[in-house]
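fold the stuff below for me.
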Amino acid sequence: MSRHLHIKPKIKRKLKHLIYKFLSNTITHVELEELRKWLKNKDNKKTFNAHVRDLYAINMLYNNAIDVDKALKNVLMNISKPTKVTPLYKRSIFKYAAAILIFVSAGYFFLIKDNPLIKGPTIVNNNIEIGTDKAILTLDDGSMVALEKGKTYVADNIISNGEEITYNSTTTSKPEVAYNYLTVPRGGQYHIKLSDGTAVWLNSESKLKYPVTFNEGKTRQVELVYGEAYFDVSASTNHKGSKFKVQTGIQEVEVLGTEFNIKAYNDEDAIYTTLVEGKVSVKNTFNVNVLNPNQQSIINIGTGLVQINDIEVKTVIGWVQGQFVFKRKSLKDIMKILSRWYDVDVVFTNKELENVIFTGTLYKKQNIEEILLLIKNTNFINTYRINNKTIVLN
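Sure thing, here's the model as predicted:
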């Protein structure tokens with residue numbers, strides 16, 4: 001457990017406030033002296049270091065990695081100097097202080113959003129909520145069941161605790177197979193365990209078609225109708241050698257036992273298949289490609305052309321672990337991902353902002369205002385406006 005968790009909440013909040021005011025150049029001489037005195041204590045300094053490290057990786061939203069130790073050393077050294085408070089852009093440690101400013105402000109927005117010294121965004125009416133576990137289950141007879149956190153659903157061989165739905169381990173020899181659909185709306189996510197033991201995580205705005213039970217000895221096949229899903233497939237050795245296939249639009253993925261991610265949203269012009277473990281065969285009308293771990297196939301929906309790239313899988317599957325990991329992603333692509341999770345519309349008043357590139361990690365449990373503040377503090381955008389469920393960036 002980090003040391004800073006042992007500090008009294010009131011003192012910890014005060015510390016965060018002073019750190020932010022120092023980095024944003026709004027700290028008074030009295031407050032700066034208070035911060036200096038606090039940091040003279042070795043344990044307090046360790047707490048400060050731990051607090052910054054725990055907030056985020058220090059290269060958050062920057063194209064180049066920042067040396068954590070060097071950043072902390074420089075900021076602490078600057079705090080200790082008995083000099084007047086100078087504008088942030090004139091400081092020799094700008095790139096380190098600015099980086100830490102972003103992280104500190106993330107967990108700390110509520111303390112400074114009403115500060116009159118800081119020019120803030122415009123919030124007309126914020127109806128934006130953090131995404132949560134929810135989905136619509138469509139049964140074989142066409143009836144629909146709303147699955148959501150805190151609600152239990154039980155029927156035949158199905159049980160849901162509100163966060164995931166599980167099908168009992170059964171097989172059938174009947175020629176006719178009953179299918180269910182699981183649809184996750186914008187602002188949602190859901191986990192499903194199929195009757196063969198395969199685990200599937202569905203991202204926001206996704207839909208999966210699957211059999212209630214699989215035919216014994218025959219190919220196990222599901223369909224990702226649209227959206228994004230992460231599969232942890234039960235090995236064929238557990239099912240008399242039967243293969244597992246995922247149909248997605250113009251492509252079919254065949255596996256023997258593996259973990260992989262497929263992204264195939266309706267508003268994108270390609271299907272992305274990323275292999276984490278094992279081996280998969282990705283087929284369409286024109287091509288058959290076998291992927292190895294840490295490879296991604298990109299199929300252009302319009303032309304059918306395929307591109308195979310080596311990739312850092314953490315940038316693709318971070319959403320399963322509660323993160324959004326971006327590596328040289330445009331702000332347009334980032335906001336598209338966030339719009340699905342927070343169920344919002346995003347408008348760019350300056351189209352040039354769409355092409356600004358970021359690298360870093362965001363967390364799905366963050367309030368949208370915290371994330372927007374992080375982006376604003378990079379100085380690439382002037383400000384933002386929230387009106388109901390619409391975000392305007394300029």
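
strands along the stretch 201-350 of the chain, start to end?
Here the stretch 201-350 of the chain has its strands, by DSSP state E, counting those that start in this stretch, at 206-211, 214-215, 220-232, 244-248, 251-255, 259-264, 270-277, 280-283, 288-291, 295-300, 306-310, 323-330, 345-348.

just want the most central residue of the protein.
Centre of the chain computed as the mean C-alpha position; nearest residue by Cα atoms, centre = their mean is residue 324, 2.5 Å away.

what's the burial count for the closest residue to it other than its chain neighbours?
If the residues on either side of it in the chain are set aside, residue 324 comes closest to residue 362, at 4.4 Å by Cβ to Cβ, 6 or more residues apart in numbering. No exception for glycine: its C-beta is placed from N, CA and C like everyone else's. When neighbours are counted by other Cβ atoms under 10 Å, residue 362 registers 24.

next one: residue 225
Per other Cβ under 10 Å, the neighbour tally for residue 225 reads 17.

surely it and residue 207 touch.
Yes: applying Cβ atoms under 8 Å, one finds residue 225 in contact with residue 207, separated by 4.0 Å.

shared neighbours of those two, anything?
Shared contacts of residue 225 and residue 207, defined by Cβ atoms under 8 Å, 6 or more residues apart in numbering, comprise residue 181.

which residues touch residue 177?
211-215 are the contacts of residue 177 under Cβ under 8 Å, 6+ apart.

could you check how far it is from residue 220?
Plainly put, residue 177 is 11 Å away from residue 220 if you go by Cβ to Cβ, to the nearest Å.

between these two, what contacts are shared?
211, 214.

domain parsing for this structure?
By the record's domain assignment, the chain is partitioned as 3-118, 132-317, 322-393 (automatic domain parsing).

could you tell me the least trusted of these?
With a mean of 53, domain 3-118 has the lowest mean pLDDT of these.

before we move on, the earlier item: right, so of the domains of the chain, which gets closest to residue 125?
Nearest of those to residue 125, taken as Cβ to Cβ: domain 322-393 at 5.3 Å.

now do the end-to-end distance for the closest one.
One end of domain 322-393 sits 25 Å from the other (Cα to Cα, to the nearest Å).

let me see the ranges of the helices in the protein.
Remark: helices assigned in the chain by DSSP state H are 9-23, 29-39, 42-55, 68-80, 94-106, 109-112, 314-317, 331-342, 368-376.

counting neighbours, what do you get for the residue lying closest to residue 128 once chain neighbours are set aside?
With sequence-adjacent residues excluded and distances taken as Cβ to Cβ, 6+ apart, residue 128 is closest to residue 368, at 4.8 Å. Here the count is done by other Cβ under 10 Å, and residue 368 has 20 residues near it.

look up how far residue 312 lies from residue 318.
Taking Cβ to Cβ as the measure, residue 318 falls 10 Å from residue 312.

between those two, tell me which one has more neighbours.
A direct count of neighbours by other Cβ under 10 Å for residue 318 and residue 312 places residue 318 higher, at 18 against 13.

residue contacts, that one?
Contact analysis of residue 318 by Cβ under 8 Å, 6+ apart lists 324-325, 361.

so it versus residue 363, what's the distance?
On the measure of Cβ to Cβ, residue 318 and residue 363 end up 9 Å apart.

quick check: neighbours shared by these two?
residue 324.

before we move on, back to that, thinking the residue nearest to residue 128 is in contact with residue 344, fair?
Yes: counting by Cβ under 8 Å, residue 368 does reach residue 344; the two are 7.1 Å apart.

overlap of the contact sets of those two?
128, 338, 391.

who's in contact with the last one?
Under the criterion of Cβ under 8 Å, 6+ apart, the contact list for residue 391 reads 128, 335, 344-347, 368, 372, 384-385.

kindly state the beta-bridge partners for it.
For residue 391, the beta-bridge partners are residue 346, residue 386 (DSSP bridges).

same deal with residue 133?
residue 189.

show me the contacts for it.
Residue 133 touches 147-149, 162-164, 188-191, counting by Cβ under 8 Å, 6+ apart.

okay, the residues you listed in TSV with distance to residue 308 next?
As requested, the contacts of residue 133 are exported to TSV (distance: Cβ to Cβ, whole Å):
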residue	distance to residue 308
147	36
148	39
149	39
162	39
163	35
164	33
188	31
189	28
190	30
191	29
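
which one (most neighbours) among those residues?
Within those, residue 190 tops the neighbour count with 28 neighbours, counted by other Cβ under 10 Å.

could you report the neighbour count for the closest residue to residue 206 other than its chain neighbours?
Nearest non-adjacent residue to residue 206, counting by Cβ to Cβ, 6+ apart: residue 227, 2.4 Å away. Using other Cβ under 10 Å, residue 227 is surrounded by 21 other residues.

just grab the bridge partners of residue 227 for me.
Residues in beta-bridge contact with residue 227 (DSSP bridges): residue 264.

now the strands of the stretch 201-350 of the chain in TSV, with distance to residue 135?
Compiled in TSV, the strands of the stretch 201-350 of the chain are given as follows (distance: least, Cβ to Cβ, whole Å):
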stretch	distance to residue 135
strand 206-211	9
strand 214-215	21
strand 220-232	11
strand 244-248	18
strand 251-255	22
strand 259-264	18
strand 270-277	22
strand 280-283	25
strand 288-291	28
strand 295-300	26
strand 306-310	31
strand 323-330	20
strand 345-348	22
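
nearest to residue 31, out of the ones you listed?
Of all those, it is strand 323-330 that lies closest to residue 31, at 33.6 Å by Cβ to Cβ.
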